[in-house]
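Enquirer: Sequence and predicted structure, then a few things I'm wondering about:
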Amino acid sequence: MPSPITRRGFCHQSFGFGLGAFLWQTLRPFWSPNGRRHTIGSASTGTTPLIITSHRNETGRRAMETAWEILTNGGSALDAVEKATNIIEVDPEDTSVGYGGLPNERGVVQLDASIMDGKTYSAGSVAALENIKTPSSVARLVMERTDHVMLVGAGALEFAKSWGFEEENLLTDRARERWLRWREERSDRDDWGPPDHLRTPGEPGTSVNASQAETHGTVNVLAVDADGDIAGITSTSGLSYKIPGRIGDSPIIGAGLYVNNDVGAAGATGRGEDVIKSCATYYIVMRMQEGRSPQEACEDALQMIAARYRAVGLDFLPGEKFVAINKDGEYGCATMRSTRVPRMTVANRSGLSIYEGTIAFPTDT
Ligand code: ASP
């Protein structure tokens, strides 16, 4: 029998107590592609406005509450996703995004972010941006105040400063301690050498192991407003201890984020290299355009990536998580391989809720 999300479990896992209306998703059984039974959240009846984030912690909840206020007061999806993301970016406890994000291998925090506005078919992004806490807001200015889509490194910083952003040290003591620990034992945990999928298991440098998996993290925020317009943001400190200058999928439109105002939006978290190679969020939005639900489209993208490797004779399953929404206010999320179901935070007319998605290839440990 599928197990429903209980009120108690929900509060325990995420939001604490007394937060007003909650939505309890009905779960239905799902057979994953390798034949193992799992549960999948059913989000078939969508309503708008809607906002979701891949984060499911207290900060994610606060971000959704703030964004919901904006949306219910007639604000735009674009403003809602920006304000929500800023709350997550400035949280020093979050080691995957903005201030407090884990640094590159030299101890320097380099941030990537993208924004896309479906209403105006506009996009902006920054990559390898240092010393600015809210890269998504800089990306919005790139989108709105330049004729470019992407600014990188020193140019992105100069642009941010020209708009009054203050340079700040983004490396918190907590992140520094983790980086120092990583540096002491870095021999088999860096990204120098051939790509993971071309290494023999156990070969030094193979980064697909538990400790490396913990070093991924990104936030996706997607919304559709009362006018039916759609916007999205992806923001991250990227792969931790990355080679300086390495840019992941998050600032690349069509990889870490894609929005089509007639269809929906999708965001990605996880191994950016594979999200880039597969143009994953563009693929997800195209699948939704072909009639797939957000949940199905996220699962399709994972299967597509796994199939690409199978086609070249490799049994490689990169760790990815996708989230998606459509114009009708439906939503979904799915992850490639995990012991735990992926979750995201949802705010719509039914209140705040945690939605559980699916695992394409469940693992025992
Ligand atoms: N996708 C991000 C990157 O590759 C990191 C992550 O989501 O974990 O930079």
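Expert: Sure thing, it's come through. Numbers count the residues shown, from 1 in each chain.

Enquirer: Could you report the distance from Gly107 to Gly153?
Expert: For Gly107, the distance to Gly153 (CB to CB, to the nearest Å) stands at 17 Å. Any C-beta I mention is one placed from the backbone N, CA and C, and that applies to glycine too.

Enquirer: And Gly270, by the same measure?
Expert: For Gly270, the distance to Gly153 - CB to CB - is 24 Å.

Enquirer: next one: Gly254
Expert: Look at Gly254 and Gly153: by CB to CB, they are 21 Å apart.

Enquirer: And these two? Which one has more around it.
Expert: It is Gly254, of Gly254 and Gly153, that has more neighbours when counted by other CB atoms under 10 Å, with 20 against 16.

Enquirer: Can you name every helix or strand that the helix or strand where Ala67 lies contacts?
Expert: When secondary structure is defined by DSSP states H and E, Ala67 falls within helix 58-72. In terms of contacts (3 or more CB pairs under 8 Å, 6 or more residues apart in numbering; DSSP states H and E), helix 58-72 is packed against strand 50-53, helix 77-89, strand 219-224, strand 343-348, strand 351-356.

Enquirer: Residues contacting that helix, please?
Expert: 14-16, 19, 49, 51-53, 55, 75-77, 79-81, 83-85, 87-88, 91, 93-94, 219, 221, 223, 225-226, 345-347, 352 (CB atoms under 8 Å, 6 or more residues apart in numbering).

Enquirer: Can I have the buried ones of these as a ChimeraX selection?
Expert: To isolate the buried members of the contacts of helix 58-72 in ChimeraX, using 16 or more other CB atoms under 10 Å:
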select :14,15,49,51,52,53,55,75,76,77,79,80,81,83,84,85,87,88,91,94,219,221,223,225,345,346,347,352
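
Enquirer: filter the contacts of helix 58-72 down to the ones near the ligand?
Expert: Applying CB under 6 Å from any ligand atom to the contacts of helix 58-72, one finds that nothing falls near the ligand.

Enquirer: With adjacent residues omitted, what lies nearest to Ile284?
Expert: Closest residue to Ile284 apart from its sequence neighbours, by CB to CB, 6 or more residues apart in numbering: Ala266 at 3.8 Å.

Enquirer: Can you give me the neighbour number for that neighbour?
Expert: 35.

Enquirer: Tell me who's in contact with the residue of the stretch 251-365 of the chain found nearest the ligand.
Expert: Distances between the stretch 251-365 of the chain and the ligand by CB to the nearest ligand atom are smallest at Gly272, namely 2.3 Å. Applying CB under 8 Å, 6+ apart to Gly272 gives the contacts 238-239, 248-250, 255-256.

Enquirer: quick one on the thing from earlier: are we agreed that the residue nearest to Ile284 is in a strand?
Expert: Yes. Counting by DSSP: H, G, I helix; E, B strand; the rest coil, Ala266 is located in a strand.

Enquirer: In terms of secondary structure, what does the helix ranked longest in the chain contact?
Expert: Longest helix in the chain, counting residues (DSSP state H): helix 294-311. Helices and strands touching helix 294-311, by 3+ CB pairs under 8 Å, 6+ apart, are strand 264-270, helix 272-278, helix 280-289, strand 320-326, strand 331-338, strand 358-362.

Enquirer: Serialize the ones you listed to JSON lines and add fields for mean pLDDT.
Expert: As requested, those are arranged in JSON lines below (pLDDT from 0 to 100):
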{"stretch": "strand 264-270", "mean pLDDT": "97"}
{"stretch": "helix 272-278", "mean pLDDT": "97"}
{"stretch": "helix 280-289", "mean pLDDT": "98"}
{"stretch": "strand 320-326", "mean pLDDT": "97"}
{"stretch": "strand 331-338", "mean pLDDT": "94"}
{"stretch": "strand 358-362", "mean pLDDT": "94"}
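
Enquirer: I'd like to know which of those is closest to Ile243.
Expert: Counting by CB to CB, Ile243 lies closest to helix 272-278 out of those; the figure is 11.8 Å.

Enquirer: number of nearby residues for Val108?
Expert: 14.

Enquirer: If you could redo that for Asp173, that was the one I meant.
Expert: Asp173: 9 neighbours (other CB under 10 Å).
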